[in-house]
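*Asks:* Build me a model:
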Amino acid sequence: MKLEIGVSPGGAPSSVAERIALMRESIAAVARAAGRNPDSIALVGVTKKQPVEAVALAIASGLRDIAENYVQEARDKFAASPPVRKHFIGHIQTNKAKAIVENFDVVQSVDRLEAGLALARAQEALGKRIRALIQLNISPAERFGVLPAQAPALAEQLRAAGLEIDGVMALGPLTRDRAAIEAAFHTAARAFADVGGSTLSLGMSGDWREAVACGSTMLRIGTALFGERR
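*Replies:* A predicted model of the protein is given here:
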């Protein structure tokens, strides 16, 4: 099955499978140029607003991690998708903590103590363990996330509450200044070293190259894999 996802200029890949293959090749090349092992970088497909058919094809093409922003959309989509590791990357509403734990394996957007504690209580009630990341705020345009200097203390509090904090996540600044993006990602990488864990989730379709250069172990890619959201 070849699912077309829009007209691609200049003969660029137009199917999900082709885009995933090209992205993996590109990540490997940039990683090697930075002196890194490409196998140390996980590719997460951001499937927000994408059709179930595209998600199924991505999984059939070898994608093993998918991410969603909204619980209800994810619940409906996951029911029709093969099993993969599921990431929640949206803003956490504490009244939806139980639903988040029920439907996801990794929560990347813990941006405050209240949210983390709600997840810890939910996983105890459900008897299900999840991994979580502290969301950093490294961009003037970003509303959510903790300041990098505050992340280690928050991680310590949540680990004491029983939540597995496995690293940090951040959104890059909205700018075309590549040096500014790289500087922000270096700030996140330093916070990651202080927080500890195995996951530094940096980089999206527009800034993943800088993220790889700064040590990202997880890229969250949507448009480059699936095309524009429908």
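*Asks:* Confirm for me that residue 98 is in contact with residue 122.
*Replies:* Yes - with contact defined as C-beta atoms under 8 Å, residue 98 reaches residue 122; the gap is 4.3 Å. (Each C-beta comes from the backbone N, C-alpha and C, glycine too.)
*Asks:* In terms of neighbours, single out the busier of the two.
*Replies:* Shown here are residue 98 and residue 122; by other C-beta atoms under 10 Å, residue 122 has more neighbours (20 against 17).
*Asks:* what helices or strands is the lowest-mean-pLDDT helix or strand in the chain leaning on?
*Replies:* Every helix and strand in the chain was compared by mean pLDDT, DSSP states H and E; the lowest is helix 71-79, with a mean of 89. Applying 3 or more C-beta pairs under 8 Å, 6 or more residues apart in numbering; DSSP states H and E, one finds that helix 71-79 contacts strand 85-88, helix 97-103.
*Asks:* can I get these in CSV with mean pLDDT and distance to residue 58?
*Replies:* Formatted as CSV, the helices and strands packed on helix 71-79 follow (pLDDT from 0 to 100; distance: least, C-beta to C-beta, whole Å):
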stretch, mean pLDDT, distance to residue 58
strand 85-88, 97, 13
helix 97-103, 97, 18
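*Asks:* out of those, which comes closest to residue 138?
*Replies:* When the helices and strands packed on helix 71-79 are compared for distance to residue 138 using C-beta to C-beta, the nearest one is strand 85-88, at 19.3 Å.
*Asks:* In that closest one, which residues have enough neighbours to count as buried?
*Replies:* Residues 86, 87, 88 are the ones in strand 85-88 that count as buried (16 or more other C-beta atoms under 10 Å).
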